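Chemist: sequence and computational prediction follow.
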Amino acid sequence: MVHMSIEENRIAAMRVLVADPYSQLREIIRDILLRGIGVAEVLEARNGEEVLESIRELPCDVVIADAVMSPVGALELTQKIRQGYEGIDPFTPIIVMSGNANLGEIIAVRDAGANDYVAKPLSAKILDLRLRALVGQPRPFVRSDDFFGPDRRRHMKALFRGTDRRTHDSEAIDPEAPL
(Lines give C-alpha, C1' and ligand atoms only; values in the text may rest on other atoms or scores of the structure.)
Protein backbone atom coordinates (compact mmCIF):
# COMPACT_ATOMS: atom_id res chain seq x y z
CA MET A 1 0.00 0.00 0.00
CA VAL A 2 1.33 3.44 -0.98
CA HIS A 3 0.89 6.16 1.64
CA MET A 4 0.56 9.75 0.53
CA SER A 5 1.70 12.61 2.72
CA ILE A 6 -0.76 15.27 3.85
CA GLU A 7 0.85 17.61 1.31
CA GLU A 8 0.35 15.09 -1.51
CA ASN A 9 -3.28 14.49 -0.43
CA ARG A 10 -3.96 18.24 -0.54
CA ILE A 11 -2.39 18.59 -3.98
CA ALA A 12 -4.33 15.55 -5.24
CA ALA A 13 -7.59 17.22 -4.14
CA MET A 14 -6.83 20.65 -5.66
CA ARG A 15 -8.93 22.55 -8.16
CA VAL A 16 -6.60 24.90 -10.05
CA LEU A 17 -7.67 27.65 -12.42
CA VAL A 18 -5.16 28.48 -15.16
CA ALA A 19 -5.55 31.84 -16.91
CA ASP A 20 -3.59 32.67 -20.05
CA PRO A 21 -4.63 34.23 -23.35
CA TYR A 22 -3.02 31.36 -25.32
CA SER A 23 -4.97 28.11 -25.42
CA GLN A 24 -1.85 26.06 -26.25
CA LEU A 25 -0.11 27.26 -23.09
CA ARG A 26 -3.22 26.60 -20.98
CA GLU A 27 -3.29 23.06 -22.41
CA ILE A 28 0.39 22.46 -21.57
CA ILE A 29 -0.05 23.73 -18.01
CA ARG A 30 -3.26 21.70 -17.61
CA ASP A 31 -1.41 18.54 -18.65
CA ILE A 32 1.47 19.29 -16.25
CA LEU A 33 -0.99 19.84 -13.40
CA LEU A 34 -3.18 16.80 -14.12
CA ARG A 35 -0.67 14.21 -15.33
CA GLY A 36 2.62 15.42 -13.92
CA ILE A 37 1.61 16.81 -10.53
CA GLY A 38 -1.67 15.00 -9.98
CA VAL A 39 -4.15 17.76 -9.10
CA ALA A 40 -7.80 16.76 -9.19
CA GLU A 41 -9.20 19.36 -11.56
CA VAL A 42 -8.02 22.18 -13.81
CA LEU A 43 -10.26 24.98 -15.02
CA GLU A 44 -9.22 27.43 -17.72
CA ALA A 45 -9.74 31.12 -18.46
CA ARG A 46 -8.44 33.45 -21.17
CA ASN A 47 -8.16 36.53 -18.95
CA GLY A 48 -8.72 37.92 -15.48
CA GLU A 49 -12.31 38.85 -16.22
CA GLU A 50 -13.10 35.18 -16.93
CA VAL A 51 -11.23 34.18 -13.75
CA LEU A 52 -13.42 36.47 -11.64
CA GLU A 53 -16.60 35.09 -13.24
CA SER A 54 -15.44 31.51 -12.80
CA ILE A 55 -14.31 31.64 -9.17
CA ARG A 56 -17.45 33.48 -8.08
CA GLU A 57 -19.37 30.40 -9.22
CA LEU A 58 -16.83 27.69 -8.42
CA PRO A 59 -14.09 28.56 -5.90
CA CYS A 60 -10.59 27.28 -6.67
CA ASP A 61 -7.72 26.23 -4.46
CA VAL A 62 -5.14 28.09 -6.57
CA VAL A 63 -5.20 30.58 -9.45
CA ILE A 64 -2.26 30.57 -11.86
CA ALA A 65 -2.51 33.69 -14.03
CA ASP A 66 -0.45 35.22 -16.79
CA ALA A 67 0.82 38.71 -16.00
CA VAL A 68 -0.34 40.18 -19.32
CA MET A 69 -3.98 39.49 -20.11
CA SER A 70 -6.68 41.77 -21.45
CA PRO A 71 -9.04 43.24 -20.37
CA VAL A 72 -8.02 42.25 -16.81
CA GLY A 73 -4.38 41.26 -16.22
CA ALA A 74 -2.86 39.47 -13.25
CA LEU A 75 -2.08 42.66 -11.31
CA GLU A 76 -5.67 43.91 -11.36
CA LEU A 77 -6.97 40.36 -10.88
CA THR A 78 -4.83 39.94 -7.76
CA GLN A 79 -6.02 43.27 -6.36
CA LYS A 80 -9.67 42.35 -6.94
CA ILE A 81 -9.30 38.92 -5.34
CA ARG A 82 -7.52 40.40 -2.30
CA GLN A 83 -10.37 42.93 -1.94
CA GLY A 84 -12.90 40.08 -1.84
CA TYR A 85 -14.47 41.29 -5.09
CA GLU A 86 -18.12 40.19 -5.34
CA GLY A 87 -17.77 37.61 -2.57
CA ILE A 88 -14.58 35.94 -3.86
CA ASP A 89 -12.40 34.43 -1.13
CA PRO A 90 -9.60 37.02 -0.59
CA PHE A 91 -7.29 34.27 0.71
CA THR A 92 -7.28 32.42 -2.64
CA PRO A 93 -3.63 31.62 -3.48
CA ILE A 94 -2.39 33.32 -6.65
CA ILE A 95 0.69 32.45 -8.70
CA VAL A 96 1.54 34.95 -11.42
CA MET A 97 3.50 33.74 -14.44
CA SER A 98 5.27 35.95 -16.95
CA GLY A 99 7.15 35.59 -20.19
CA ASN A 100 8.77 38.96 -19.56
CA ALA A 101 9.95 38.58 -15.98
CA ASN A 102 11.41 41.82 -14.65
CA LEU A 103 11.96 43.26 -11.20
CA GLY A 104 9.32 45.98 -11.57
CA GLU A 105 6.62 43.45 -12.45
CA ILE A 106 7.70 41.10 -9.67
CA ILE A 107 7.49 43.88 -7.08
CA ALA A 108 4.13 45.11 -8.42
CA VAL A 109 2.41 41.70 -8.23
CA ARG A 110 4.01 40.94 -4.87
CA ASP A 111 2.75 44.27 -3.53
CA ALA A 112 -0.71 43.52 -4.93
CA GLY A 113 -0.78 40.35 -2.81
CA ALA A 114 0.25 37.52 -5.14
CA ASN A 115 1.60 34.46 -3.35
CA ASP A 116 4.28 33.69 -5.92
CA TYR A 117 5.73 34.64 -9.29
CA VAL A 118 7.23 32.32 -11.89
CA ALA A 119 8.94 33.01 -15.21
CA LYS A 120 7.91 31.33 -18.43
CA PRO A 121 8.66 28.90 -19.85
CA LEU A 122 7.32 26.91 -16.92
CA SER A 123 8.69 23.52 -16.07
CA ALA A 124 6.76 20.78 -14.33
CA LYS A 125 9.39 20.79 -11.58
CA ILE A 126 9.04 24.52 -10.84
CA LEU A 127 5.24 24.36 -10.85
CA ASP A 128 5.31 21.32 -8.55
CA LEU A 129 7.70 23.06 -6.14
CA ARG A 130 5.53 26.20 -6.06
CA LEU A 131 2.35 24.25 -5.35
CA ARG A 132 4.08 22.23 -2.64
CA ALA A 133 5.30 25.46 -1.02
CA LEU A 134 1.77 26.89 -1.06
CA VAL A 135 0.43 23.76 0.63
CA GLY A 136 3.35 22.77 2.86
CA GLN A 137 4.71 26.17 3.89
CA PRO A 138 1.92 28.70 3.51
CA ARG A 139 2.83 32.23 4.48
CA PRO A 140 0.46 33.94 6.91
CA PHE A 141 -1.67 36.75 5.56
CA VAL A 142 -1.10 40.21 6.96
CA ARG A 143 -3.02 43.44 6.88
CA SER A 144 -1.47 46.88 7.10
CA ASP A 145 -2.66 50.31 6.02
CA ASP A 146 -1.71 49.70 2.39
CA PHE A 147 -1.45 45.92 2.00
CA PHE A 148 -3.46 42.76 2.43
CA GLY A 149 -1.99 39.46 1.35
CA PRO A 150 0.60 36.82 2.16
CA ASP A 151 3.48 38.09 4.28
CA ARG A 152 6.05 39.40 1.81
CA ARG A 153 8.91 38.60 4.15
CA ARG A 154 10.24 35.19 3.19
CA HIS A 155 12.96 35.25 5.83
CA MET A 156 12.58 36.68 9.27
CA LYS A 157 15.52 38.94 10.00
CA ALA A 158 14.91 39.94 13.59
CA LEU A 159 18.29 41.61 13.86
CA PHE A 160 17.75 43.91 10.87
CA ARG A 161 17.81 47.53 12.04
CA GLY A 162 18.09 49.41 8.73
CA THR A 163 16.05 52.45 7.76
CA ASP A 164 13.44 50.28 6.05
CA ARG A 165 12.70 48.29 9.23
CA ARG A 166 9.08 48.60 10.29
CA THR A 167 8.48 50.30 13.58
CA HIS A 168 5.60 47.90 14.22
CA ASP A 169 4.52 44.50 12.95
CA SER A 170 1.56 44.01 10.65
CA GLU A 171 -1.43 42.14 11.96
CA ALA A 172 -1.43 38.43 11.06
CA ILE A 173 -4.80 37.34 9.69
CA ASP A 174 -6.50 34.02 10.35
CA PRO A 175 -8.12 32.83 7.08
CA GLU A 176 -10.94 31.26 9.07
CA ALA A 177 -11.80 34.49 10.91
CA PRO A 178 -14.36 36.84 9.34
CA LEU A 179 -12.92 39.96 7.70
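Modeler: Received it, and whenever you're ready, just let me know what you need.
Chemist: out of everything not next to it in sequence, what's closest to residue 70?
Modeler: Among residues not flanking residue 70 along the chain, residue 47 sits closest, at 6.1 Å (Cβ to Cβ, 6 or more residues apart in numbering). All C-beta atoms are positioned from the backbone trio N, CA, C, and that covers glycine.
Chemist: can you confirm residue 42 is in a strand?
Modeler: Yes. Residue 42: assigned to a strand according to DSSP: H, G, I helix; E, B strand; the rest coil.
Chemist: for the residue nearest to it when sequence neighbours are not counted, give me its contacts.
Modeler: Leaving out its chain neighbours, the residue that sits closest to residue 42 by Cβ to Cβ, 6+ apart is residue 30, at 4.4 Å. Residue 30 makes contact with 18, 42, 44, according to Cβ atoms under 8 Å, 6 or more residues apart in numbering.
Chemist: for residue 111, same thing?
Modeler: Contacts of residue 111 (Cβ under 8 Å, 6+ apart): 147, 152.
Chemist: assign it to helix, strand or coil.
Modeler: Of the three states, residue 111 takes helix under three-state DSSP.
Chemist: picking that back up, so the residue nearest to residue 70 touches residue 69, yeah?
Modeler: Yes. Judged on Cβ atoms under 8 Å, residue 47 makes contact with residue 69 at a distance of 4.0 Å.
Chemist: between the contacts of residue 30, which has the most around it?
Modeler: residue 18 (25 neighbours; other Cβ atoms under 10 Å).
Chemist: can you list the buried residues in stretch 52-64?
Modeler: Going by neighbour count (16 or more other Cβ atoms under 10 Å), the buried part of stretch 52-64 is 52, 54-55, 60-64.
Chemist: so which of these comes closest to residue 94?
Modeler: If you rank the buried residues of stretch 52-64 by distance to residue 94 using Cβ to Cβ, residue 63 comes first, at 4.9 Å.
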